[in-house]
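In: quick one, fold the following:
(one chain, ligands or ions: 1)
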Amino acid sequence: MRWPDAGPGTVLSLRSTDGARLLVRREWPVLPVDAVVELAAARVPTDARRLSMLAHPRVATHSLQAATLARRACGWARRSTRGRVSTIVRGERDRPVFRSRASIPVDLNLTHGGGVVAVAFDPRGPIGVDVEPSRTPTAALLANTVRPEELPWLDGAFDATDRAFRYARLWTLKEALMKCTGLGLALDPRDLAFRICGRRAELVRSPLRGAWSFETFVVDGRVPCTVCRGRPGQAS
Ligand SMILES: CC(C)(COP(=O)(O)OP(=O)(O)OC[C@H]1O[C@@H](n2cnc3c(N)ncnc32)[C@H](O)[C@@H]1OP(=O)(O)O)[C@@H](O)C(=O)NCCC(=O)NCCS
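Out: Predicted coordinates:
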């Protein structure tokens, strides 16, 4: 089985700020599940069992691709901790985390969707990353995910395309925070409210203690990708 192209043309974004890194790649073409299993056994054996249980070829392919990016993050972590971190395991609620004997703050997070796969890495504390393709939210989706105080910003969109993009951006802010904490969807998106002004986004309501910062990039000219960096327990 040939390894899918991982050449430089597939890198959509590579950013580095203050030790934290974000690598975004164009997603691989979907592979049959048996090919995913074969490639996983050869390249990411620690993920092979988990990947063999993913029945959907698209999910399995992009989860495999994410696992290869996680290995890159392992290299970054090894360098920033002078070898104290070497592997990634699944922690609480299935969150990928670095395994180490001592308590060290390095963290990674992965996302796949909307044609891209990304890994984010922070040597200093928890990090979450999320991508989301633009979509027009139904009334039910809005009711389940958006707070009333966020609606004026959504409704201030220029047109339907801009509104769909704004919804996707708002969702990536919420999901990047859910992933940074590791709580995932156990955190109700209606308990979170963001104030967005131009490129800046501020968390103005949440049940969490801690200080959180957010940065959103537009990947491939169309897909919002948000990185959340956290310092849990600190006053915001
Ligand atoms: C985290 C979550 C919001 C991600 O949803 P999604 O729409 O699939 O989003 P993304 O593509 O952005 O992210 C998927 C990646 O997030 C990572 N991830 C999984 N669980 C995570 C968690 N609790 N926190 C942070 N990241 C998580 C994984 O790397 C996953 O991809 P992979 O399994 O292919 O490696 C959702 O899966 C969730 O709520 N998970 C928690 C489930 C849970 O509580 N399980 C308990 C029983 S084990």
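In: so what does the host helix or strand of Phe194 touch, helix or strand wise?
Out: Element membership of Phe194 [criterion: DSSP states H and E] is strand 193-197. If contacts are counted by 3 or more C-beta pairs under 8 Å, 6 or more residues apart in numbering; DSSP states H and E, strand 193-197 sits against helix 160-181, strand 200-205. Glycine gets a C-beta too; all of them are placed from N, C-alpha and C.
In: pick the most buried one from these.
Out: Mean neighbour count (mean count of other C-beta atoms under 10 Å) peaks for helix 160-181 among the helices and strands packed on strand 193-197, with a mean of 22.
In: packing partners of that one?
Out: Helix 160-181 packs on strand 107-113, strand 127-131, helix 139-145, helix 151-155, strand 193-197, strand 200-205, strand 210-219, strand 223-232, going by 3+ C-beta pairs under 8 Å, 6+ apart.
In: kindly reformat those as a markdown table containing mean pLDDT.
Out: Below are the helices and strands packed on helix 160-181 laid out as a markdown table (pLDDT from 0 to 100):
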| stretch | mean pLDDT |
| --- | --- |
| strand 107-113 | 97 |
| strand 127-131 | 97 |
| helix 139-145 | 96 |
| helix 151-155 | 96 |
| strand 193-197 | 96 |
| strand 200-205 | 95 |
| strand 210-219 | 93 |
| strand 223-232 | 91 |
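In: ok, which of those comes nearest the ligand?
Out: Evaluated over the helices and strands packed on helix 160-181, closeness to the ligand peaks at strand 107-113, with 3.4 Å, by C-beta to the nearest ligand atom.
In: now the closest one and helix 160-181, what's the angle there?
Out: Interaxial angle, strand 107-113 versus helix 160-181 (axes from the mean of the first three to the mean of the last three C-alpha atoms, to 10 degrees): 150 degrees.
In: is strand 107-113 anywhere near the ligand?
Out: Yes. Under the criterion of C-beta under 6 Å from any ligand atom, the ligand is reached by strand 107-113 at Asn109, Leu110, Thr111, His112, Gly113.
In: who are the contact partners of the third one?
Out: When contacts are counted by C-beta atoms under 8 Å, 6 or more residues apart in numbering, Thr111 is found next to Ala66, Val117, Ala118, Val129, Asp130, Val131, Lys179, Cys225.
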